[in-house]
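Q: okay, sequence plus prediction incoming.
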Amino acid sequence: MQVQIIAELAQGFEGRPEQTRMLLKAAAAAGADAAKYQLVYADELATPDYKHYELFRSLEMPDKVWLELAAYAKELGIQLHLDIFGPKSLKLAERCGVSAVKLHGTDIANLGLLELVAASSVGTVLLGAGGAHADELKRAMQVLARKKVVALLGFQSYPTPNDTNQISRIARVLKLFAKDFPQASVGFADHADPECPLRYALAATAIGAGATTIEKHLTLAGVMKLEDHESALNPDAFAEFVAVIRDCAKALGHSSDANDFGMSESERAYRKMIRRHVVAGRDIPAGSALKPNDLALKRTAADDALTSLDEAYGREVLRDVGANQPMTPATIRAGAAK
């Protein structure tokens, strides 16, 4: 199973170009598939009288910085994703050639912005669906029907209490998408406390529930208390997180409708190893048709003993067989069982 891991850098760059590049480098070094920032223009997010308007203004950076960041992402071999909040940030995201844009959960019912994204050149949309209702999600999906959409469940609560994640919703949304939005997938935005024992396990649980994209906050260091540090891992811990999640995805594996479920070679070897031999459960005279109570399964030293009871049931015994003697192809009549 392939899982995409997004290093959520959000507003941790704090409007500082060098800090922005350091976060990108950390995300790439930690093995993330993509790094995502919030491309903030204060006037797309708030009115000037809003209490955090000046904070949003402080996050604004010249277009040149973002374009150079996009080039740096290519150099590092990591995808660049951007949250957009209006037409100006969407336009710059297109110029940057980003792999995906994210629509924040607050915009899931913003039809004007949804339609702009639907008409844009961006191919993949991360649709923030934390806090969204089913009808809002369906309507947004209809507007974005021609895009590749990843509905991102999960929400930020600085950090989010484990028991409020409702990870079971992933399977429910996948079922909702199966018929009408087969191009869509579901991801999980993980906001676990970085000190919590489940800081890796929640994302693994989400994968088990069907998520194929994981978003996790990354910060340069917890002691710096950058934006969203409450649910962010430092680079070393993030690298460990990436390794754990990729191993979990491998462990999830692929099963099939085949009789053996498409089991691995090692499991086939295990199956062979644990097989006991079919032996006579009592003295059986020649000419008897073998019944279940005639037979037992035991480990023996025989090299050619049957290992499947189905190969023995109903077969005629060709010679007398004593108790505990293995049943072999030579002791039973070939052909159809009686």
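A: Yep, that arrived. Numbering: from 1, shown residues only.
Q: residue 41 against residue 60, yeah?
A: Yes: if you go by CB atoms under 8 Å, residue 41 and residue 60 touch, sitting 6.0 Å apart. For glycine as for every other residue, the C-beta is placed from the backbone atoms N, C-alpha and C.
Q: secondary structure element holding the nearest residue to residue 261 once chain neighbours are set aside?
A: Counting by CB to CB, 6 or more residues apart in numbering, residue 255 is the residue found nearest to residue 261 once chain neighbours are left out, at 4.6 Å. Counting by DSSP states H and E, no helix or strand carries residue 255.
Q: so where's the stretch 101-250 of the chain uncertain?
A: By pLDDT under 70, the stretch 101-250 of the chain contains no weakly predicted segment.
Q: so what pLDDT did residue 303 get?
A: Per-residue pLDDT puts residue 303 at 91.
Q: could you look up the SS state of it?
A: Following DSSP: H, G, I helix; E, B strand; the rest coil, residue 303 is assigned to coil.
Q: just to revisit the earlier point, for the residue nearest to residue 261, give its distance to residue 263.
A: As judged by CB to CB, to the nearest Å, residue 255 and residue 263 stand 8 Å apart.
Q: then residue 40?
A: To residue 263, residue 40 is 50 Å away according to CB to CB.
Q: what about the two, which has more around it?
A: Remark: of residue 40 and residue 263, residue 40 carries more neighbours, 25 against 16, as counted by other CB atoms under 10 Å.
Q: surely that one and residue 85 touch.
A: Yes: using CB under 8 Å, residue 40 is in contact with residue 85, at 7.0 Å.
Q: just to revisit the earlier point, so what sits against both of residue 41 and residue 60?
A: The contact sets of residue 41 and residue 60 do not overlap (CB atoms under 8 Å, 6 or more residues apart in numbering).
Q: of those two, who's got more company?
A: Taking other CB under 10 Å, residue 41 and residue 60 do not tie; residue 41 has more neighbours (18 against 13).
Q: name the nearest residue to the more buried one, sequence neighbours excluded.
A: Of all residues not flanking residue 41 in the chain, residue 88 sits nearest, at 5.3 Å (CB to CB, 6+ apart).
Q: tell me which element that neighbour is part of?
A: Residue 88 belongs to helix 87-96 when assigned by DSSP H and E.
Q: chain center to that helix, what's the gap?
A: In this view, helix 87-96 has its centroid 28 Å away from the chain centroid, taken as CA atoms, centre = their mean, to the nearest Å.
Q: do stretch 188-195 as well
A: Taking CA atoms, centre = their mean, one finds the center of stretch 188-195 at 14 Å from the center of the full chain.
Q: and stretch 99-115, by the same measure?
A: With CA atoms, centre = their mean, you get 22 Å for stretch 99-115.
Q: go on, stretch 272-287?
A: The answer for stretch 272-287 is 46 Å, by CA atoms, centre = their mean.
Q: ok, and what's touching that stretch?
A: The contact list for stretch 272-287 (CB under 8 Å, 6+ apart) reads 290, 293-300, 302, 305-309, 311-312, 316-327.
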